[in-house]
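> Provided below for reference: sequence and predicted model.
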Amino acid sequence: MQIYMVGGAVRDKLLGRPVNDHDWVVVGATPEQMLELGYLPVGRDFPVFLHPETREEYALARTERKSGRGYRGFEVQSSPDVTLEEDLSRRDLTINAIATSAYRTSAGGIFDPYSGAKDIEARVLRHVTDAFREDPVRILRVARFAARFTDFTVAPETMQLMREMVAHGEVDHLVAERVWQELARGLMEEKPSRMFEVLRECGALQVLLPEVARLWGVPQRAEYHPEVDTGVHLMMVLDMSARLQAPLTVRFACLAHDLGKGSTPADLLPRHIGHEERSAKLLRGVADRLRVPVDCRETADVVAREHGNIHRSSTLSAAALLRLLERCDAIRKPERFADILLACECDARGRLGFEESAYPQRPRLAAVLAAVQSLVTRDIAAHAAAKGVSGPQVGALIHQGRVDVVAQWLVHHGDAA
């Protein structure tokens, strides 16, 4: 039995990046031997075990043979005869097909049959073997790695292979959960725009997210968007969300906020009248198709519908400001409203020449919400009950009380109600 550290842990060590998780491969062992040593079985499709002390995953060396469409269409063989090189050959990229002995104590000594260390030095994402084409998830992984390793480029032969996979329909067979998993991870990388640029270049974006793909080439009004192209703007917004270290809910909302601009009638361009509602409708289709989590879906829906009103909120009256808060459900869900405001800041600053601009709407609306929340509504309800007022009339009194609080806030902060 021989144990090797493989994959991302070795790659990140060679890159000088922090290593958070270790992947281990065991060569020359059987499942029975692993059980005798106290390892706990967890693999459903192939033999994977948890170390009895560290709880890290140890996988028996295996090979894979394509048996059907999609990423599930594989037959897995694991036996003591499978070599380390054979195990590494099934991996996606050369930079992930490097191993080192678990017991190595000195520098060097890596096992690198596919020249992954050389590609790390050259900053290239390159497929290991032609078997890459058998798993369409690898297209998403390459795109995600491009978003993480921002100074790496995709090897031309790998990009061509990805194009061929798209043309042959492999991407059509990806399951929704796996697409969302990879997209979500890519959105959280250092430069998420690169993920979508790679997917667009190989043609996969048109298959997976046609609502996003059609935004490139759609013009916008230059006085508001000096970058003009809607697709370019979207990429700038996504990268701003990463710069501001936004959570996934915000980053997905950024991705979906302008989907409706891709369906603006040509005779209206470069204006996009009514794109907010069209964006919200398209978002619902994307969220259903990819089974997007509820928190991401709900935040994105509000941002799609209300980002224009939030941008213009400094011109709103007290009553209009309260209606905006109510449409955003900000009073009941203030934490989500904070995410909504952050997404709107990403949108505003994700424009050419506006990257360093302030976005006063965010602290201003947060302060307005705090003022509304300071109103003790139970006192209003109690006072109304004492006068025999009940039902919808109490709600109307609370609403008016909140309008009055906002109006007072505007006066005290130099704004007209």
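Yes, it's here.
> so how many other residues sit close to Met159?
17 (other C-beta atoms under 10 Å). Backbone N, C-alpha and C define where each C-beta goes, glycine included.
> following the chain onward from the host helix or strand of it, which element is next?
Using DSSP states H and E, Met159 sits within helix 156-167. Per DSSP H and E, the first helix or strand lying C-terminal to helix 156-167 is helix 176-187.
> show me what the next helix or strand after that next one is packed against.
Downstream of helix 176-187, the first helix or strand assigned by DSSP H and E is helix 193-202. Packing contacts for helix 193-202, counted by 3 or more C-beta pairs under 8 Å, 6 or more residues apart in numbering; DSSP states H and E, involve helix 137-148, helix 156-167, helix 176-187, helix 204-208, helix 230-243.
> what lies in contact with the second one?
Just to be clear, that refers to helix 156-167. For helix 156-167, the external contacting residues (C-beta atoms under 8 Å, 6 or more residues apart in numbering) are 125-127, 130, 132-133, 136, 139, 142, 154, 171, 198, 201-204, 207.
> and if you look at the first one?
Contacting residues not belonging to helix 137-148 are listed as 71, 92-93, 95, 125, 127, 132, 152-154, 158, 162, 165-166, 171, 174, 178-179, 182-183, 185-186, 189-199, 202, 204 [C-beta under 8 Å, 6+ apart].
> what strands line up against the following helix or strand past it, and which way round?
Tracing the chain past helix 137-148, the next element assigned as helix or strand by DSSP H and E is strand 153-154. The strands beside strand 153-154 in its sheet (DSSP bridges) come out as strand 124-125 (parallel).
> returning to that earlier point: buried residues in the helix holding Met159, which are they?
158-159, 161-162, 165-166 (16 or more other C-beta atoms under 10 Å).
> can you lay out those residues as CSV showing distance to Thr249?
Output for the buried residues of helix 156-167, formatted as CSV (distance: C-beta to C-beta, whole Å):
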residue, distance to Thr249
Thr158, 32
Met159, 32
Leu161, 34
Met162, 29
Met165, 31
Val166, 29
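> closest to Arg305 among those residues?
Proximity of those to Arg305 (C-beta to C-beta) peaks at Val166, which lies at 32.8 Å.
> report pLDDT for that closest one.
According to the prediction, Val166 has pLDDT 97.
> cool, His127 as well?
The model's pLDDT for His127 equals 98.
> quick check: chain neighbours aside, which residue is closest to it?
Thr158 (4.7 Å; C-beta to C-beta, 6 or more residues apart in numbering).
> ok, the one you found to Val302 distance?
Thr158 is 39 Å from Val302, where distance means C-beta to C-beta, to the nearest Å.
> quick check: Arg297 touching Gly285?
No - between Arg297 and Gly285 there is no contact under C-beta atoms under 8 Å: 11.2 Å.
> more neighbours: the two, which one.
More crowded of Arg297 and Gly285, by other C-beta under 10 Å: Arg297, with 20 against 11.
> skipping adjacent residues, who's closest to that one in space?
Ala287 (4.3 Å).
> give me every residue that touches that neighbour.
296-297, 300.
> any idea how far Leu37 is from Leu268?
68 Å.
> more neighbours, the two?
Neighbour count, other C-beta under 10 Å: between Leu37 and Leu268, Leu37 has more, with 14 against 11.
> who is Tyr4 paired with across the strands?
Val25, Ser101.
> list the contacts of stretch 301-311.
Residues contacting stretch 301-311 (C-beta under 8 Å, 6+ apart): 253-254, 256-257, 259-260, 276-277, 279-280, 283-284, 316, 324, 327-329, 336, 340-341, 343-344, 347-348, 361, 365.
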